[in-house]
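> kindly generate the corresponding structure for this input.
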Amino acid sequence: MRWLFVILMAALAIVSLPAANAHGDKPHDAPVVTSELEASAIKKPTSSSTPQLTSSQGGEESFVSDTRTVLKNLHPATVHFPIALFLTAAILEFILIIRPAAPLRSTVRALVLGGAVGACIAALFGWIHTGLSFGGNEAMQVHRWLGSGIAIIGGLAAIVCTLEKERLGIFRFLIFGVAILVVIQGYFGAELAHGSNHLFGSH
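Predicted coordinates for the structure are as follows:
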């Protein structure tokens with residue numbers, strides 16, 4: 001039985017030799033050259049006078065382009081936060097007028113602060129989206145400047161609500177004004193997204 005085992009091991013070694021030598025030190029996908037004609041065909045193309053980007057330069061340009069595209073497209077995603085926060089703050093403030101409750105005061109303050117920060121971010125990305133160009137149709141003009149105004153008035157409301165001496169009259173005027181402007185701004189934003197007179201389905 002020992003001699004049978006030796007014969008089997010020798011046969012296995014002989015069979016495996018061609019497979020082992022077939023790979024050698026060359027890459028797996030390297031072309032096999034069988035003649036001088038094929039060798040000349042495989043040669044790398046000579047460099048032309050046309051400048052070409054290296055992989056690193058192409059990667060940098062692609063990264064810059066992708067970053068610019070992402071920043072321009074972030075505006076729609078950032079507008080929802082100040083809308084929700086400002087409107088909720090206005091509703092709670094209206095409830096406080098009807099039924100004053102101390103715990104709601106701190107909640108309104110937190111909502112206004114968050115809305116002010118969100119409005120500034122949304123306005124910033126809005127300007128990035130359109131660029132510093134002041135062109136566009138009437139809806140675009142109203143949407144652009146109304147968004148900037150909401151960020152400014154919302155910021156003033158946030159400042160007033162954090163003052164040590166409470167000025168409820170001024171604060172309520174600002175927060176209710178912001179809430180009304182947010183609703184109007186939403187209409188003009190939809191005009192740009194869905195077409196003119198979108199509420200009635202006429203484009």
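
> for this protein, give me the ranges with low pLDDT.
Filtered on pLDDT under 70, the chain yields the residue ranges 1-60, 63-66, 132-136, 202-203.

> which helix runs longest in it?
Among the segments of the chain that qualify as a helix by DSSP state H, the longest is helix 102-130.

> only the buried residues of that one, if you could.
105, 108-109, 111-126, 130 (16 or more other CB atoms under 10 Å). Quick note: C-beta positions are derived from backbone N, CA and C, even for glycine.

> give me the contacts around stretch 148-158.
If you take CB atoms under 8 Å, 6 or more residues apart in numbering as the criterion, stretch 148-158 is touched by 82, 86, 112-113, 115-116, 119-120, 122-123, 126-127, 171, 174-175, 177-178, 181-182, 185.

> output that stretch in CSV with nothing but the alpha carbons.
In CSV, the C-alpha atoms belonging to stretch 148-158 read as follows (Å, rounded to 0.1, in the frame of the first residue of the first chain):
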residue,chain,number,x,y,z
SER,A,148,-33.4,86.5,3.6
GLY,A,149,-36.0,88.6,5.4
ILE,A,150,-37.3,85.6,7.4
ALA,A,151,-33.7,84.9,8.5
ILE,A,152,-33.2,88.4,9.7
ILE,A,153,-36.6,88.8,11.4
GLY,A,154,-36.3,85.3,12.9
GLY,A,155,-32.9,86.3,14.3
LEU,A,156,-34.4,89.4,15.9
ALA,A,157,-37.1,87.4,17.5
ALA,A,158,-34.5,85.0,18.9
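
> so for whichever strand or helix holds Val183, what gets flagged as buried?
Here Val183 is covered by helix 168-194, with elements defined by DSSP states H and E. Buried residues in helix 168-194, counted by 16+ other CB under 10 Å: 171-172, 174-175, 177-179, 181-182, 185, 188-189, 191-192.

> helices and strands around it, which ones?
Helices and strands touching helix 168-194, by 3 or more CB pairs under 8 Å, 6 or more residues apart in numbering; DSSP states H and E, are helix 80-98, helix 102-130, helix 138-161.

> nearest to Leu71, of those helices?
helix 102-130 (5.2 Å; CB to CB).

> how big is the angle separating the helix holding Val183 from helix 138-161?
Between helix 168-194 and helix 138-161, the angle comes out at 150 degrees (axes from the mean of the first three to the mean of the last three CA atoms, to 10 degrees).

> tell me what the longest helix of the chain is packed against?
With contacts taken as 3+ CB pairs under 8 Å, 6+ apart, helix 102-130 sits against helix 55-73, helix 75-78, helix 80-98, helix 138-161, helix 168-194.

> how about residues contacting the third one?
So the one you mean is helix 80-98. Contacts with helix 80-98, where a contact means CB under 8 Å, 6+ apart, come from 101, 104-105, 107-108, 111-112, 114-116, 118-119, 121-122, 150, 154, 171-172, 175-176, 178-179, 182-183, 186.
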